[in-house]
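Undergrad: What shape does this take:
(one chain, ligands or ions: 2)
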Amino acid sequence: MTRDADELDRRFMAEALAFSRQHDGLTGTNPSVGTVIVRDDGEGPRIIGRGVTAIGGRPHAETQALAEAGEGARGATAYVTLEPCAHHGKTPPCAEKLVEAGIARVVGAAHDPDPRVSGKGYAILRTAGVEVTEGVMAEEASDQLASYLIRSIKKRPEVILKLALSADGMIGRSGAGQIAITGDRARHQVHLDRARCDGILVGIGTALADDPELTVRIPGMESRSPTRIVLDKDGRLPLTSKLVGSVKRAPVLLAVGNTLPAEKRATFTEAGVEILGAEIFEGSIALPELLEDLGQRGFMRVMVEGGAATARHFLDEGLVDRIMLYRGQVVIGEGGVAAPVRADTIPDGFILRRDQTLGPDSYLEWSRKI
Ligand code: AOF
Ligand code: ZN
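TA: Ligands and ions are numbered 1, 2, ... in the order given. Here you go, the predicted structure:
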């Protein structure tokens, strides 16, 4: 393949990836996949169909892109961010649909680890005489599909550690409750990020000290608040807390030690709080088992929002997949709580994915290669 052709493939795959972001976090346990269909009638290649996995997970991206392309799909190239599916699930296989529509070439990014697909999608295409190019922008696509790939491969949700750091590397001041570290633009982005998660997790220390609500507070998006998860092995969350008080707006899942007495659990369930009985290991909730449980419950992405001890616990266990770091201008100084991780102490194996300015603040994001 020539360098120009390679660059063209990357350009259209980047379009498909950008398109796939539209439904990120909105497709349930299905990945949000992007497809663009491109044809060249002698005047240069142009996009004649676009598709993204529908909200809720179906129809798949390919179906939508083919519908838009219509008869133009015959002889065209399809760019797909994930290998097209091969199984007769709730919809017929996308690989077969691409063949039937007369697609001449398929360019794929990430490989689908779902055992019903895993190479079979590409095989259906090749057997039918479709030219297949795999792995174009595979790393970018894998990062985009991280929650789906991690849940498929590791049987747990993607864990995102979110931190707001003061200019002197602190996350707060002990005993001072919540301190505003970043400005409005950063806060808005945090709420958008929350909305793409299925769970927001804090330790009981943060729940008691800050009395946070952890909901999405963007007008029109309030219903997108994820489940609030509190690690509370002894069941100390006050029934008067903002978390319990807002249980009608978004669920609260309280992870308690599995030996917590039934009467104690009942007071929470009566208040509308869901209880998850967790294993205890060395005096703390066992995180790998907790995450496995969350994965089985359909959680794709969990954001760890506090505090330092909880963050350190996830980091020490190697259970953090992505780090989102907001840096503000505020100086905390005396009595500050040191951040569990800073830009200069990011663990090995994390790759910088974003570096952005948000008004007076900055934003950095790293993730591990999958
Ligand atoms: C595609 N295009 O847009 C998506 C795919 O339950 P089902 O039948 O919808 O199948 C879910 C599986 O489909 C999921 O595990 C993954 O392998 C694939 N997702 N495939 O061809 C898409 N979202
Ligand atoms: Zn499909």
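
Undergrad: switch to C-alpha atoms for all contacts and neighbour counts from now on
TA: Fine.

Undergrad: Now do whatever residue of the stretch 151-300 of the chain ends up closest to ligand 1 against M303, distance only.
TA: Using CA to the nearest ligand atom, the closest approach of the stretch 151-300 of the chain to ligand 1 is made by S152 at 8.0 Å. For S152, the distance to M303 (CA to CA, to the nearest Å) stands at 18 Å.

Undergrad: State the helix or strand in which the residue of the stretch 151-300 of the chain closest to ligand 1 lies.
TA: Secondary structure assigned from DSSP states H and E places S152 in helix 146-154.

Undergrad: In contact with H191, which residues?
TA: Taking CA atoms under 8 Å, 6 or more residues apart in numbering, we find H191 in contact with 215-218.

Undergrad: again, only using 6 Å
TA: With contacts taken as CA atoms under 6 Å, 6 or more residues apart in numbering, H191 has the following neighbours: V216.

Undergrad: residues of the host helix or strand of it that come out buried?
TA: Remark: H191 resides in helix 184-195, with elements defined by DSSP H and E. When burial is assessed from 16 or more other CA atoms under 10 Å, helix 184-195 yields the following buried residues: 186-187, 190-192, 194-195.

Undergrad: Over to stretch 92-108?
TA: Within stretch 92-108, the residues that qualify as buried by neighbour count (16+ other CA under 10 Å) are 93-99, 101-108.

Undergrad: Only alpha carbons, please: show that stretch as CSV.
TA: Backbone C-alpha positions of stretch 92-108 (Å, rounded to 0.1, in the frame of the first residue of the first chain) are rendered in CSV as follows:
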residue,chain,number,x,y,z
PRO,A,92,-28.2,-10.2,11.8
PRO,A,93,-24.4,-10.1,11.5
CYS,A,94,-22.9,-6.8,10.2
ALA,A,95,-20.3,-8.7,8.3
GLU,A,96,-23.0,-10.4,6.2
LYS,A,97,-24.8,-7.1,5.8
LEU,A,98,-21.7,-5.5,4.4
VAL,A,99,-21.3,-8.3,1.9
GLU,A,100,-25.0,-8.2,0.8
ALA,A,101,-24.7,-4.4,0.3
GLY,A,102,-21.8,-5.0,-2.2
ILE,A,103,-19.1,-3.3,-0.1
ALA,A,104,-15.8,-4.0,-1.9
ARG,A,105,-13.3,-3.2,0.9
VAL,A,106,-13.5,-3.1,4.7
VAL,A,107,-10.9,-1.2,6.7
GLY,A,108,-11.1,-2.2,10.4
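
Undergrad: Is it positioned near ligand 1?
TA: Yes - between stretch 92-108 and ligand 1, judged by CA under 6 Å from any ligand atom, the touching residues are C94.

Undergrad: what does that stretch contact?
TA: With contact meaning CA under 6 Å, 6+ apart, stretch 92-108 is reached by 73-81, 83-87, 121, 130-135.

Undergrad: which phi and psi does the nearest residue to Y148 once chain neighbours are set aside have?
TA: Sequence neighbours aside, P31 is the residue nearest to Y148 in space, at 5.6 Å (criterion: CA to CA, 6 or more residues apart in numbering). Dihedral angles of P31 (phi, psi; degrees, to the nearest 10) stand at phi -80, psi 150.

Undergrad: Model confidence for P31, exactly?
TA: pLDDT recorded at P31 is 98.

Undergrad: For ligand 2, see how far away it is.
TA: Using CA to the ion, to the nearest Å, we find P31 at a distance of 10 Å from ligand 2.

Undergrad: what's near enough to touch the residue lying closest to G56 once chain neighbours are set aside?
TA: Leaving aside its chain neighbours, G56 sits nearest to T27 (4.3 Å; criterion: CA to CA, 6+ apart). By CA under 6 Å, 6+ apart, the contact set of T27 is 55-57.

Undergrad: what does M300 give?
TA: 147, 157.

Undergrad: name the element the residue nearest to G56 belongs to?
TA: Secondary structure assignment for T27, by DSSP H and E: no helix or strand.

Undergrad: Ramachandran angles for it?
TA: Note on T27: backbone dihedrals following degrees, to the nearest 10 are phi -110, psi 20.

Undergrad: I'd like to know how far it sits from V33.
TA: Computed as CA to CA, the T27 to V33 distance reads 9 Å.

Undergrad: same question, L239
TA: L239 sits 41 Å away from V33 when distances are taken as CA to CA.

Undergrad: Neighbour count: those two, which is higher?
TA: Neighbours were counted for L239 and for V33 using other CA atoms under 10 Å; V33 has more, 31 against 13.

Undergrad: out of the contacts of stretch 92-108, who's near ligand 2?
TA: If you filter these for contact with ligand 2, counting by CA under 5 Å from the ion, you are left with C85.

Undergrad: when you check ligand 1, which of the contacts of stretch 92-108 turn up near it?
TA: Of those, the ones that also sit near ligand 1 (CA under 6 Å from any ligand atom) are 84-85.

Undergrad: Just the ones of the contacts of stretch 92-108 in helices?
TA: Secondary structure assignment (DSSP state H) places G121 from those within helices.

Undergrad: from the contacts of stretch 92-108, which would you call buried?
TA: Those of these that meet the buried threshold are 73-81, 83-87, 121, 130, 132, 134, by 16+ other CA under 10 Å.

Undergrad: in its sheet, what does the one helix or strand in the chain whose mean pLDDT sits lowest sit against?
TA: Counting by mean pLDDT, DSSP states H and E, the chain has its least confident helix or strand at strand 170-173, which shows a mean of 92. Looking at strand 170-173 with DSSP bridges, its partner strands are strand 336-338 (antiparallel).

Undergrad: Contacts for the next helix or strand after the strand it pairs with, please.
TA: Downstream of strand 336-338, the first helix or strand assigned by DSSP H and E is strand 350-358. With CA under 6 Å, 6+ apart as the contact definition, strand 350-358 has outside contacts at 185-186, 362-368.
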